[in-house]
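J.: pasting the sequence and the predicted model now:
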Amino acid sequence: MAENRQVGLVILKRRLTNTPPRIALMCSSVNQVQTHLKEPPLVVVEIVSKSTAQKDQFLKYSLYEKEKVKFYVLVYPEIQELRVFKLMDNAFEKVFDSHTGRFQFELEKGCKFTIDVDEVFK
């Protein structure tokens, strides 16, 4: 019997940095998403502003890479751009950088989702 898996939003209590990310996603069995993390999230999304750009692009980037977060997503509302970094061989590599289009996240077996950049900035 196949296990029903879903992407779940997590409220972070375990902080990887001094400020928690805006959005963290985990993949779990139905009704098993917890309110704190025992392991790094699969996806972290940060909304980048002028005041947080240095921290998001450098400090948090390095910390999430060290913590082995699978995907790190930077959303730039002012320029309507989305950047996706994927952990490969223990280092982030940019796999998507665009003002338009779609990106599909393959998290774990049977657990995936797609972000449509055009929809994000409507």
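T.: The structure has been received and is ready for your questions.
J.: how near is the closest residue to residue 102 other than its chain neighbours to residue 45?
T.: In space, not counting the residues next to it along the chain, residue 102 is nearest to residue 116; the distance is 4.9 Å by C-beta to C-beta, 6 or more residues apart in numbering. Glycine gets a C-beta too; all of them are placed from N, C-alpha and C. Between residue 116 and residue 45 the computed distance is 14 Å (C-beta to C-beta, to the nearest Å).
J.: those two - which one has more neighbours?
T.: Set side by side, residue 116 and residue 45 show more neighbours around residue 45, with 18 against 13, by other C-beta atoms under 10 Å.
J.: the one helix or strand the more buried one maps to pairs with which strands, parallel or anti?
T.: For residue 45, the element it lies in under DSSP states H and E is strand 43-47. The partner list of strand 43-47 in its sheet, established with DSSP bridges, is strand 23-29 (antiparallel), strand 71-76 (parallel).
J.: buried ones in that strand, by neighbour count?
T.: Of the residues in strand 43-47, 43, 44, 45, 46 count as buried by neighbour count, 16 or more other C-beta atoms under 10 Å.
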